[in-house]
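> Okay, predicted coordinates and the sequence, questions at the end:
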Amino acid sequence: MIAEVFSKVQLEALHQRPYTTPIVAVTGGKGGVGKSTVAVNITAALTALGYSVALVDTNVEAPNDNMLLSLSLDDRVYVQVAMPIVKTNLCTQCGDCIAACRRNALFLPPGQTPILMGECNGCKACINACPTGALLTGWMPVGETFRSESGELTLFTGVLQPGRAESTVIVQALKDRLAAEAARYDVIIVDTATGVHCTVIAALAGATCAYAVTEPTPVGMHDLERILELCRILAIPTQIVLNRSDLGGWQGRLGACEAGTEITLAASIPYDSVLLQSYIKGMPVTQMSPNSSSAHIFAGLAIRIEKECLE
């Protein structure tokens with residue numbers, strides 16, 4: 001059992017944001033359960049209701065919402081982090097910078113100046129700790145953010161450079177970019193990465209509510225419990241979306257997840273070949289086949305969000 005990780009003050013700080021537009025997070029512990037499909041189709045259904053929607057793809061290591069919408073990635077902004085540059089004539093090899101680096105990214109060979117060896121996250125602790133000013137601030141690119149538009153939909157996408165470890169930095173840069181114009185949207189849909197790690201926490205920060213997408217398989221149910229626990233820790237009201245609901249044998253486990261909690265099953269989506277075709281074609285099923293059973297389910301989720309968050 002995970003203890004209370006955040007205090008009340010820390011939670012308030014985590015969820016603080018400079019705008020009041022509601023944020024609906026679409027998340028899920030397991031990969032491949034249809035999280036992005038749900039996020040994209042909820043977004044399309046909300047725009048069909050006349051709302052202006054920002055969709056934020058925070059799965060920065062493998063973003064794909066733009067492909068599910070057949071949108072190009074436009075308006076690129078590079079994301080950089082600070083890195084130390086050693087001014088050798090001022091360095092006394094005191095080692096203060098080495099001690100200050102929590103990621104052990106700096107190495108001090110005997111009789112030499114510090115060398116950047118590991119993954120620097122740009123915290124500048126080493127630069128601030130240097131007593132002689134021998135460490136200067138340089139800048140290292142780690143990824144990009146993009147902004148694409150289609151009617152009432154604006155897609156914000158973050159992309160981490162391959163081989164880099166600064167996923168959370170990209171997510172924060174993406175959310176900062178969104179914040180500059182968040183007030184113009186009626187609702188914000190945040191599509192998170194999978195798992196329960198720091199990148200997902202950064203994406204969930206500020207969420208009004210969350211939908212946890214899963215499938216009725218042993219792994220799906222196990223990982224659902226993990227993401228529900230994270231949302232509980234973050235004090236985010238959460239509902240379940242069960243994808244591929246006609247897979248047999250594990251639907252009963254949902255009762256255990258819901259029992260004694262305020263978590264409910266918001267939608268059950270059986271296998272639908274029309275939904276699969278929309279995925280392949282890069283078009284929301286709510287647009288490609290608005291009379292299909294899957295489109296009606298997503299339209300129902302949009303109405304649910306409208307009643308719970310927008311009225």
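Happy to help now that I have it.
> Can you give the domain ranges for the chain?
Domains of the chain are assigned by automatic domain parsing as 8-51+186-310, 80-141.
> CSV for those domains, including mean pLDDT and mean neighbour count?
Yep, even glycine has a C-beta here, placed from its N, CA and C like the rest. Listed next are the domains of the chain as CSV, based on pLDDT from 0 to 100; neighbours: other CB atoms under 10 Å:
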stretch, mean pLDDT, mean neighbour count
domain 8-51+186-310, 91, 19
domain 80-141, 91, 15
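> The spatially most central residue of the chain and residue 203: what is the separation?
Central residue of the chain (CA atoms, centre = their mean): residue 192, 3.0 Å from the mean position. For residue 192, the distance to residue 203 (CB to CB, to the nearest Å) stands at 4 Å.
> what residues are shared contacts of the two?
25, 27, 58 (CB atoms under 8 Å, 6 or more residues apart in numbering).
> And the longest strand seen in the chain, how far out from the chain middle?
The single longest strand within the chain, with elements called by DSSP state E, is strand 135-150. On the basis of CA atoms, centre = their mean, to the nearest Å, strand 135-150 sits 17 Å off its chain's mean C-alpha point.
> Give me the sheet partners of that strand and which way each runs.
Strand pairing for strand 135-150, using DSSP bridges, gives strand 77-86 (antiparallel), strand 153-160 (antiparallel).
> name the element the closest residue to residue 284 other than its chain neighbours belongs to?
Spatial nearest neighbour of residue 284, excluding adjacent residues (CB to CB, 6 or more residues apart in numbering): residue 44 at 3.6 Å. Using DSSP states H and E, residue 44 falls within helix 35-48.
> hang on, the earlier thing: could you redo the shared contacts of residue 192 and residue 203 as TSV and give each row distance to residue 121 and secondary structure?
Shown next, in TSV, are the shared contacts of residue 192 and residue 203 (distance: CB to CB, whole Å; DSSP: H, G, I helix; E, B strand; the rest coil):
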residue	distance to residue 121	secondary structure
25	24	strand
27	24	strand
58	18	coil
